[in-house]
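Q: Predicted structure and sequence below. I'll ask about it afterward.
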Amino acid sequence: MSAPSFLQTSLCTLLGCHYPIVQTAMGWVADARLVAATGNAGGFGFLAGATIEPERLEAEIRKVKELSDAPFGLNFHMFQPNAQDAVELAIKYRLRAVSYGRGPDKATIRRLKDAGVICMPTVGAVKHAVKAVEMGADVVTVQGGEGGGHTGAVPTTILLPQVLDAVKVPVVAAGGFFDGRGLAAALAYGAAGIAMGTRFLMSTESPVPPATLQHYLAANDAATIRVSHAIDGLPQRMLDNVYLAQLEQACGLRRLLLALRTAQQWRRHTGMSMAQMFGVAVKALRTGDTGVAQTLMAANAPVLIQRAMVDGVPDEGVLPSGQAAAAINRIESVNELIERIAAVAEQRLAVLAAGSAGVPSATNQTQKENA
């Protein structure tokens, strides 16, 4: 497999992948099988280290290596109990990259970089991109408002060029990408590649149960993939479902009770101490601060996602999703989708390079994308 010339970007060189296509670290979804399939197909995958039990993280890294020789990355958050272990494992196994949101300090970033690990945070605002680079980021992934999960209000088409003008490191575009036309557009903007979550979630290698995948396939109206503040007070894009409606209608006390109900489960999963959870709960009861309920909900959000993504009960959990789900009409293998995206992007860029002659009609292009 050789990368087409139009698609051989600086991102491919940095990450060691054939195509500038990144599979994001979706909690409960980006497991070893999906990451390995992405690498084997020529993309670059991130393992979702934040939702893997601490004692299983090393084994999951080893499993990726058993399934693929391709380089891959690890995602983690500094607020997870085993954050330092994740850093150590990234260095120990010589992983190609790490991704994060709330990032590590400069000393930790320097240690990762000195070990040859690419630091590739995800940001949703220009100021955060600038700060990430000041902290030492090698690459910045910029997610526009179309993206799933926590997201901002600025669409990718506005945010991407602003960040490209503000930083001097390679920029990866995320939020609303799902096909070859999107990859070609991102590269035309000046991005070094694209990152996709929902498109990989809706693949045959995704661990998401069929009942939950059907909800994503049924989401053919982008308006139903909307932003809600019900989980933690911050905007998150999710599919409409019964549980989300219940959260949005719940009063502060009921929301606190819902948060406490999942707290113990998440504590056991992450290895958090009872004192950590109990301290937050006591503060909430003493002050009556509903904002604390939102804090608890934020900490427990992975459990709410787990109910849908792992247990296969979509109406009893939340369903993070990018608006791209409305444009995806079938489940296909990772290899198929990456090869098709790369081929269409290469075709579009070749047409642009040659001039406007021979531009495929919109109808023919759509047929190729969905074939």
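A: Looks like it arrived, so ask away. Numbering: from 1, shown residues only.
Q: Span of stretch 9-29 from start to end?
A: 27 Å (CA to CA, to the nearest Å).
Q: what's the average pLDDT for that stretch?
A: The average pLDDT within stretch 9-29 is 97.
Q: Then stretch 308-324?
A: Average pLDDT, stretch 308-324: 91.
Q: any weak-confidence spans in the protein?
A: 1-4, 232-233, 251-301, 356-371 (pLDDT under 70).
Q: Show me the domain layout of it.
A: 5-208+327-370, 210-323 (automatic domain parsing).
Q: I'd like those domains laid out as TSV, including mean neighbour count.
A: Bear in mind the C-beta positions are built from the backbone N, C-alpha and C, glycine included. Output for the domains of the chain, formatted as TSV (neighbours: other CB atoms under 10 Å):
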stretch	mean neighbour count
domain 5-208+327-370	20
domain 210-323	17
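Q: measure the closest residue to Arg199 other than its chain neighbours to Val22 for me?
A: Leaving aside its chain neighbours, Arg199 sits nearest to Phe178 (4.4 Å; criterion: CB to CB, 6 or more residues apart in numbering). For Phe178, the distance to Val22 (CB to CB, to the nearest Å) stands at 13 Å.
Q: list residues touching both of the two?
A: Common neighbours of Phe178 and Val22, using CB atoms under 8 Å, 6 or more residues apart in numbering, are Met196.
Q: ok, which stretches of the stretch 101-250 of the chain are strands?
A: For the stretch 101-250 of the chain, the strands defined by DSSP state E, counting those that start in this stretch cover 118-119, 122-123, 140-143, 149-150, 171-174, 193-196, 225-228, 236-239.
Q: Pull up the pairing partners for the fourth one, direction included.
A: Using DSSP bridges, the strands paired with strand 149-150 are strand 236-239 (antiparallel).
Q: How far off centre is the partner strand?
A: Here strand 236-239 is found 13 Å from its chain centre; the criterion is CA atoms, centre = their mean, to the nearest Å.
Q: cool, stretch 223-235 as well?
A: Centre to centre, stretch against its chain (CA atoms, centre = their mean), the figure for stretch 223-235 is 16 Å.
Q: got the end-to-end distance for it?
A: For stretch 223-235, the end-to-end distance is 15 Å (CA to CA).
Q: Likewise for stretch 200-214?
A: Stretch 200-214: ends 15 Å apart by CA to CA.
Q: Check stretch 229-248 too.
A: End-to-end distance (CA to CA), stretch 229-248: 8 Å.
Q: measure the residue nearest to Arg199 to Arg33 for me?
A: 21 Å.
Q: Mind checking the strands of the stretch 101-250 of the chain for the one nearest to Ala37?
A: Comparison of the strands of the stretch 101-250 of the chain against Ala37 by CB to CB identifies strand 193-196 as nearest, at 13.5 Å.
Q: Give the pairing partners of that closest one; include direction for each.
A: Partners of strand 193-196 in the sheet, by DSSP bridges, are strand 21-23 (parallel), strand 171-174 (parallel).
Q: Now tell me what touches the first one from outside.
A: With CB under 8 Å, 6+ apart as the test, strand 21-23 has contacts from 11, 15, 30, 34-35, 38, 42-46, 141, 172, 174, 183, 193-197, 200, 334, 338, 341-342.
Q: Now, these that are in helices?
A: Mapping the contacts of strand 21-23 onto helices (DSSP state H) picks out 11, 15, 34-35, 38, 183, 200, 334, 338, 341-342.
Q: Output these in JSON lines; the columns should cover distance to Val163.
A: Below are these laid out as JSON lines (distance: CB to CB, whole Å):
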{"residue": "Leu11", "distance to Val163": "15"}
{"residue": "Leu15", "distance to Val163": "19"}
{"residue": "Leu34", "distance to Val163": "27"}
{"residue": "Val35", "distance to Val163": "26"}
{"residue": "Thr38", "distance to Val163": "24"}
{"residue": "Leu183", "distance to Val163": "18"}
{"residue": "Phe200", "distance to Val163": "23"}
{"residue": "Val334", "distance to Val163": "28"}
{"residue": "Ile338", "distance to Val163": "25"}
{"residue": "Ile341", "distance to Val163": "22"}
{"residue": "Ala342", "distance to Val163": "24"}
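Q: The residue nearest to Arg199: what's it in contact with?
A: If you count contacts by CB under 8 Å, 6+ apart, Phe178 has them with 196, 198-199, 322, 324, 327-328.
Q: quick one: which two of those residues are the most distant?
A: Spatially, the most separated pair among those is Met196 and Ala327, at 11.9 Å (CB to CB).
Q: about what we covered before: make JSON lines out of the strands of the stretch 101-250 of the chain and add distance to Asp311.
A: Shown next, in JSON lines, are these (distance: least, CB to CB, whole Å):
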{"stretch": "strand 118-119", "distance to Asp311": "34"}
{"stretch": "strand 122-123", "distance to Asp311": "27"}
{"stretch": "strand 140-143", "distance to Asp311": "27"}
{"stretch": "strand 149-150", "distance to Asp311": "19"}
{"stretch": "strand 171-174", "distance to Asp311": "27"}
{"stretch": "strand 193-196", "distance to Asp311": "24"}
{"stretch": "strand 225-228", "distance to Asp311": "21"}
{"stretch": "strand 236-239", "distance to Asp311": "16"}
